[in-house]
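1. coordinates for the following, if possible.
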Amino acid sequence: MRRKIKEAAALVRLRGKGRRDAGMVTSEYAMGIIAAVGFALLLYEVVTSGQVRAELQDIVKKALSARM
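-> Next up is the predicted model:
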């Protein structure tokens, strides 16, 4: 049992040494955040435009005035 654990630990260490892109994770997070902010800005602009805003208000008014 101990031998299998030691072999598994050695395998994990070998896999870790083969990776050379440790700095990539931070840059990928940064690019993801920039893309998310851009998408949020675009979505905000669309939702706050005149026509979409009027449609959303109409939907809310219909929902609030519905009879149960």
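2. show me the shaky parts of the protein.
-> Across the chain, the ranges flagged by pLDDT under 70 are 1, 14-24, 68.
3. ranges for the helices of it?
-> 2-17, 24-47, 50-64 (DSSP state H).
4. could those go into a markdown table alongside mean neighbour count?
-> In short, each C-beta sits where N, CA and C put it, glycine included. Formatted as a markdown table, these follow (neighbours: other Cβ atoms under 10 Å):
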| stretch | mean neighbour count |
| --- | --- |
| helix 2-17 | 9 |
| helix 24-47 | 10 |
| helix 50-64 | 10 |
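5. what lies in contact with stretch 51-64?
-> If you take Cβ atoms under 8 Å, 6 or more residues apart in numbering as the criterion, stretch 51-64 is touched by 46-47.
6. using PDB, write out every CA atom in it.
-> Output of stretch 51-64 as PDB, limited to C-alpha atoms (Å, rounded to 0.1, in the frame of the first residue of the first chain):
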ATOM      1  CA  GLN A  51     -36.400  50.600 -27.400                       C
ATOM      2  CA  VAL A  52     -35.200  47.800 -25.100                       C
ATOM      3  CA  ARG A  53     -35.900  49.900 -22.000                       C
ATOM      4  CA  ALA A  54     -39.400  50.600 -23.200                       C
ATOM      5  CA  GLU A  55     -40.000  46.900 -23.900                       C
ATOM      6  CA  LEU A  56     -38.700  45.900 -20.500                       C
ATOM      7  CA  GLN A  57     -40.900  48.400 -18.800                       C
ATOM      8  CA  ASP A  58     -43.900  47.100 -20.800                       C
ATOM      9  CA  ILE A  59     -43.200  43.600 -19.700                       C
ATOM     10  CA  VAL A  60     -42.900  44.600 -16.000                       C
ATOM     11  CA  LYS A  61     -46.100  46.600 -16.200                       C
ATOM     12  CA  LYS A  62     -48.000  43.600 -17.700                       C
ATOM     13  CA  ALA A  63     -46.600  41.300 -15.100                       C
ATOM     14  CA  LEU A  64     -47.600  43.600 -12.200                       C
END
